[in-house]
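**Student:** Okay, here's the prediction I keep looking at, along with the sequence it came from:
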Number of protein chains: 2
Amino acid sequence: MIGRSGNDYPFSKLLSYGMTHFGFLWRIVNGIPPLARWVNRRLINRAVERSASRPNPYSTLADYTSWESLTDKTWFGRHLQQPPAPARPLPAVADVVALFDQRLRKPGHSVESEKSTLLFPSFAQWFTDGFLLTDSANRLKTHTNHEIDFSALYGLKKEESECLRLKSERIGERGRLKSRMIGNEEYAPAYFTDDGLTVRPEFKALRSPLHLPPDWPPEKRRTLFAFGGERANATPQTAMLSTLFLREHNRLAGLLETQHPGWDDERVFQTARNTTTVLLIKVVIEEYINHISPYHFHFLADPWSAWSAKWNRPNWCAVEFNLLYRWHSMVPSQIEWTGATVPLHEWVFDNDPLTESGLAGAFVATSRQKANRLGLHNTPDYLLHRTEAPSIQQGRDAQLGSYNEYRVAVGFPRAETFADISSDPKICSELRKLYTEPDNVEFYVGLFAEDPRPNAAIMGLIGRFVALDAFSQALTNPLLSEHVFNEKTFGPEGMKFIECTHTLEDVLRRNIPDAVDVPVGSVTMTQTR
Amino acid sequence: MIGRSGNDYPFSKLLSYGMTHFGFLWRIVNGIPPLARWVNRRLINRAVERSASRPNPYSTLADYTSWESLTDKTWFGRHLQQPPAPARPLPAVADVVALFDQRLRKPGHSVESEKSTLLFPSFAQWFTDGFLLTDSANRLKTHTNHEIDFSALYGLKKEESECLRLKSERIGERGRLKSRMIGNEEYAPAYFTDDGLTVRPEFKALRSPLHLPPDWPPEKRRTLFAFGGERANATPQTAMLSTLFLREHNRLAGLLETQHPGWDDERVFQTARNTTTVLLIKVVIEEYINHISPYHFHFLADPWSAWSAKWNRPNWCAVEFNLLYRWHSMVPSQIEWTGATVPLHEWVFDNDPLTESGLAGAFVATSRQKANRLGLHNTPDYLLHRTEAPSIQQGRDAQLGSYNEYRVAVGFPRAETFADISSDPKICSELRKLYTEPDNVEFYVGLFAEDPRPNAAIMGLIGRFVALDAFSQALTNPLLSEHVFNEKTFGPEGMKFIECTHTLEDVLRRNIPDAVDVPVGSVTMTQTR
């Protein structure tokens, strides 16, 4: 679907110039709440209206519209209908994968991001793993709920939530998620038995950790947590993020239980969940999206922006959104962690580094290391064939339109030459060799071939899609809707914390032992200069 | 949830006066398409904005908001939160049922509608049976899809559609629903084997006919059709309506197959289904809602009315909507049918009268008999305990607010005296005896205790809810959405028939043998004077 016409490109450039300059002015705007809310709403509307509002007529089911394509959400949505088969055959997947290979970059092996710490891609991975869920049996299908429902913490289905809950009516236990103390810190329970060999019977309803190798050593298996998300144990960082919100959930449950002695376990749990889910959305927009944005204006998670928006329509994750979030090139091949340097392949499916450093230590360590820069020739060897090859193939399975078709669809001018895509002669020459013409470049490749933008964490086309999909998925959450977003839904306690939370650091400070010190600004997605 | 403030009641009365007078003026408005579309949109918006837009914070799950209450659609939505328990106990259900009993009316046994033919309640029953589906095991739950998805024809689930489809790639058979000829007319296949004893194996996936008595005679069982809707065999009229659209589906499939020789069975089926579903919505608004409405202005099924509406939010059937559609008092206790008069209890689960009269004959017979008037003391004996008692109980199970609370919520003034509810002294005295105060009157009872309005098929509070729920459910159908409602979705053939269809008679004329004559206006929900 083509959104608003693309011929406002000159205005768009001008707006972008204005938004990325005059920092003092934007600080004033942000300092006047009614003005900031108005600007926020206008900018968000502009971002989302780049694409036609849902429902999309097409899904990955078929290239025509049917009741099933409009209602069966086990297929991915799609922004653009699949085009007629391309005129010339696409290059071999292996040759395209080579475009992403870090080892083929000269000189050196990787390029660091100038803006982002490792916390940024860690959060992106963990957050999007909650709803961008490709079925392994058929990459055109998905088992997502299509909502920011915090499945990383609560699971996708009720039976998963149920097994993660303490379910006790005793004071001090109402509404809680199961947890345990390791040292003086709270963590999720172990998923495997102590010998690391079998799943604990109480957690049989959970989806098993995705891509966990069958021969994974028992001593690492036994460090994995019982989490709702099938990827929440992937690295100590994903586990760290789920742990943070597990503690926040239980902390809120404690507050609610005290303030509302008449509430049973169920009501305390549900109200704490309502609040924790909105806290996640606040962090997504106010920390994560603002980190991505090159603008001086600071976006607000203001539900009002969406209440009368024409794009306030039911969520449906698009296959393009799923693909453009494959930011494996941002992951360093060595992780620096409280003194040690660990190669990536030893870093996965092992939560010992998290429990050893403690939650605050883990956040600080993740905020201290620079991320790699998003782009071609920057994906580490360990991830290259695991992730880039299936991503390229998924784009082909879904018969996506070309990179240029997507540029035009969201208001960018068509790339006439390879130099319109990248200023790097090596990239241009490689693209020419594989695709001959700019019009032949695949969506997935074009996304990452672009030049980085000044002060932006990601590139132009990715940025435009992330903005439109993120705002239109986050702000349409039912918890933010006009007649739901109020104290009745969160309790006055929950509402108070929703109002005062803007960053992960805000949440972290409430959930670490008193003795632990977290210097201001030490938990950050943005490199401090 | 309280919608727009109720203090515009004087303006509302004035508007209503204007809309129910000056017929010549409204005919002029309807004759100028751009003006008619604009007025249509304004009136529909006004009707729907009587209530707060979805999502409703509450469902029948619990009296507080949770992720489950916002997402688990196996519970009914609700317009108003359940109030604290009423101050005084409610009267016994049996005493309340007596309020509906036709036999307790003096003099005579029933009152006829001054406006509606039997086609009106027949259509209402058949149409709402497609989505107002109460679970028999728990009346707070539902198995509806919450959409006008034409489940009466296609079933609620894919496996049901599949077993109803011919699924053949042969020309002349692509995209068709299974059917057979009886005489020279097309009907659905038989659901039971010829002996009437067992369900045909090919139809095992269908829901069995709801409330079919286990001891029902085999000679009547064998007349029942294999339909998607669990109530579509309830009477010859419900079967007649499903038969009409089965023929229309197959007729459209034939057209599409001819015009698009490259389309396979699947695409022809899906495209015919898209069109048939929208034809249903056209009839719902342009014939059925216009019959209900006392206005001179003729409502249009114009998708544009909803595209930027703030109330364009996902459908979720409300328990109040479910209850206020119990129009059993409109059903005559004797059915007049092509010469014969049949008592109601012999009229159910028997499609012989339909196949004997033929489809056109059935429509004409149903249009010739007057419906009864909606209201108290008009429900026939046969339906009284089968339907009114469970309805009253369902309202209590859901702990609905009082009749007066609902009046206020949608902008009517609170009834201060019983005379504000009904002008009939007998009804007032009965209500006083049961409820003492107007504030104690139950929602379900108050709905039907009201006076009929001039030239309206239904009463005031029911009418207001029907309008707001019907428009907000019908016009938000994904097939009518901005980027879907076009020739690509229906084919040019489908679009043509969508444009030229306004009534059941329009659809009928395309689907009867050439030799059968249907005089203009002989198929009608409105009595001809």
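**Tutor:** Now that the structure is in, tell me what you want to look at.
**Student:** Show me the strands in the stretch 51-200 of chain A, by range?
**Tutor:** Here the stretch 51-200 of chain A has its strands, by DSSP state E, counting those that start in this stretch, at A:112-117, A:180-182, A:185-187.
**Student:** Any residues of the stretch 51-200 of chain A in contact with chain B? List them.
**Tutor:** A:52-53, A:55-57, A:62, A:64-72, A:145, A:147, A:149, A:154, A:158 (Cβ under 8 Å from any Cβ of the partner chain). Any C-beta I mention is one placed from the backbone N, CA and C, and that applies to glycine too.
**Student:** cutoff 10 Å now
**Tutor:** Contacts of the stretch 51-200 of chain A with chain B, taken as Cβ under 10 Å from any Cβ of the partner chain, map to A:52-58, A:61-72, A:81, A:145, A:147, A:149-150, A:154, A:158, A:161.
**Student:** Just the buried subset of those, please.
**Tutor:** A:52-58, A:61, A:64-70, A:81, A:145, A:147, A:149-150, A:154, A:161 (16 or more other Cβ atoms under 10 Å in any protein chain shown).
**Student:** thinking A:Leu344 is in contact with A:Ile335, fair?
**Tutor:** Yes: using Cβ atoms under 10 Å, A:Leu344 is in contact with A:Ile335, at 6.7 Å.
**Student:** Report the set of residues contacting both of these two.
**Tutor:** A:Thr235 (Cβ atoms under 10 Å, 6 or more residues apart in numbering or on different chains).
**Student:** Give me the more crowded residue out of those two.
**Tutor:** A:Ile335 (21 against 16; other Cβ atoms under 10 Å in any protein chain shown).
**Student:** For the helix or strand hosting that one, C-alpha coordinates in CSV please.
**Tutor:** Secondary structure assignment for A:Ile335, by DSSP states H and E: strand A:334-337. Taking C-alpha atoms only, strand A:334-337 is exported to CSV below (Å, rounded to 0.1, in the frame of the first residue of the first chain):
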residue,chain,number,x,y,z
GLN,A,334,33.6,-9.9,21.7
ILE,A,335,31.6,-8.9,24.8
GLU,A,336,33.4,-6.9,27.4
TRP,A,337,32.0,-7.7,30.8
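**Student:** Pairing partners for that strand, with directions?
**Tutor:** strand A:340-343 (antiparallel) (DSSP bridges).
**Student:** Quick one: list the elements packing against the helix or strand that comes right after the strand it pairs with.
**Tutor:** Where DSSP H and E defines the elements, the next helix or strand beyond strand A:340-343 is helix A:352-368. Other helices and strands packing on helix A:352-368, by 3 or more Cβ pairs under 10 Å, 6 or more residues apart in numbering or on different chains; DSSP states H and E, are strand A:112-117, helix A:119-128, strand A:180-182, strand A:185-187, helix A:236-259, strand A:334-337, strand A:340-343, helix A:504-509.
**Student:** sorry, back to before: want to throw the strands of the stretch 51-200 of chain A into TSV with mean pLDDT and distance to B:Thr223?
**Tutor:** TSV is the format used below for these (pLDDT from 0 to 100; distance: least, Cβ to Cβ, whole Å):
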stretch	mean pLDDT	distance to B:Thr223
strand A:112-117	96	71
strand A:180-182	98	65
strand A:185-187	98	66
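**Student:** need those strands in JSON lines with distance to B:Asp95 and mean neighbour count, can you?
**Tutor:** Supplementary listing: the strands of the stretch 51-200 of chain A in JSON lines, determined by distance: least, Cβ to Cβ, whole Å; neighbours: other Cβ atoms under 10 Å in any protein chain shown:
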{"stretch": "strand A:112-117", "distance to B:Asp95": "71", "mean neighbour count": "20"}
{"stretch": "strand A:180-182", "distance to B:Asp95": "58", "mean neighbour count": "11"}
{"stretch": "strand A:185-187", "distance to B:Asp95": "57", "mean neighbour count": "19"}
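**Student:** Out of those, which is closest to A:Gly228?
**Tutor:** Distance to A:Gly228, taken as Cβ to Cβ, is lowest for strand A:185-187 among those, at 14.6 Å.
**Student:** avg pLDDT for the strand holding A:Ile335?
**Tutor:** What strand A:334-337 shows for mean pLDDT is 96.
**Student:** Would you mind putting the CA coordinates of the lowest-mean-pLDDT helix or strand in chain A into PDB?
**Tutor:** Taking mean pLDDT, DSSP states H and E as the measure, chain A has helix A:9-20 as its least confident helix or strand, at a mean of 87. The C-alpha coordinates for helix A:9-20 follow below in PDB (Å, rounded to 0.1, in the frame of the first residue of the first chain):
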ATOM      1  CA  TYR A   9      10.400  15.100  -0.200                       C
ATOM      2  CA  PRO A  10      11.800  18.700  -0.300                       C
ATOM      3  CA  PHE A  11       9.600  19.700   2.600                       C
ATOM      4  CA  SER A  12      10.500  16.500   4.400                       C
ATOM      5  CA  LYS A  13      14.200  17.400   4.000                       C
ATOM      6  CA  LEU A  14      13.600  20.900   5.300                       C
ATOM      7  CA  LEU A  15      11.700  19.500   8.300                       C
ATOM      8  CA  SER A  16      14.400  17.100   9.000                       C
ATOM      9  CA  TYR A  17      17.000  19.900   8.900                       C
ATOM     10  CA  GLY A  18      15.000  21.900  11.300                       C
ATOM     11  CA  MET A  19      14.500  19.000  13.700                       C
ATOM     12  CA  THR A  20      18.200  18.100  13.700                       C
END
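**Student:** which residues are in contact with it?
**Tutor:** Under Cβ under 10 Å, 6+ apart, the answer for helix A:9-20 is A:6, A:8, A:25-26, A:39, A:43, A:46, A:50, A:293-297, A:411-413, A:453-456, A:460, A:464.
**Student:** Got a quick ChimeraX command for the buried subset of the residues you listed?
**Tutor:** The buried residues among the contacts of helix A:9-20 can be selected in ChimeraX (16+ other Cβ under 10 Å) with this line:
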select /A:6,26,39,43,50,293,295,296,297,411,412,456,460,464
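**Student:** Which of the contacts of helix A:9-20 fall within strands?
**Tutor:** For those, not one is inside strands, with DSSP state E as the criterion.
**Student:** quick one: which of the contacts of helix A:9-20 sit in helices?
**Tutor:** A:Leu25, A:Trp26, A:Val39, A:Leu43, A:Arg46, A:Gly460, A:Arg464 (DSSP state H).
**Student:** Pull out the buried residues from the least confident helix or strand of chain A.
**Tutor:** The neighbour-count check on helix A:9-20 (16+ other Cβ under 10 Å) flags A:Ser12, A:Met19, A:Thr20 as buried.
**Student:** Close to chain B: what parts of the stretch 301-450 of chain A are there?
**Tutor:** So far as Cβ under 10 Å from any Cβ goes, the stretch 301-450 of chain A lies against chain B at A:Trp307, A:Ser308, A:Ala309, A:Lys310, A:Asn312, A:Arg313, A:Pro314, A:Asn315.
**Student:** Ok, which of the helices and strands packed on helix A:352-368 comes nearest B:Val331?
**Tutor:** helix A:236-259 (50.3 Å).
**Student:** Can you name every helix or strand that the next helix-or-strand element following that closest one contacts?
**Tutor:** Next along the chain after helix A:236-259, taking DSSP H and E as the criterion, comes helix A:265-283. Where contact means 3+ Cβ pairs under 10 Å, 6+ apart, helix A:265-283 is packed against helix A:119-128, helix A:151-154, helix A:158-164, helix A:236-259, helix A:460-474, helix A:487-500, helix A:504-509, helix B:67-71.
**Student:** Would you mind giving the strands of the stretch 51-200 of chain A as a markdown table with distance to A:Ile289 added?
**Tutor:** Listed next are the strands of the stretch 51-200 of chain A as a markdown table, based on distance: least, Cβ to Cβ, whole Å:
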| stretch | distance to A:Ile289 |
| --- | --- |
| strand A:112-117 | 13 |
| strand A:180-182 | 33 |
| strand A:185-187 | 29 |
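**Student:** wouldn't A:Glu388 be in contact with A:Leu323 here?
**Tutor:** No: counting by Cβ under 10 Å, A:Glu388 does not reach A:Leu323; the two are 11.0 Å apart.
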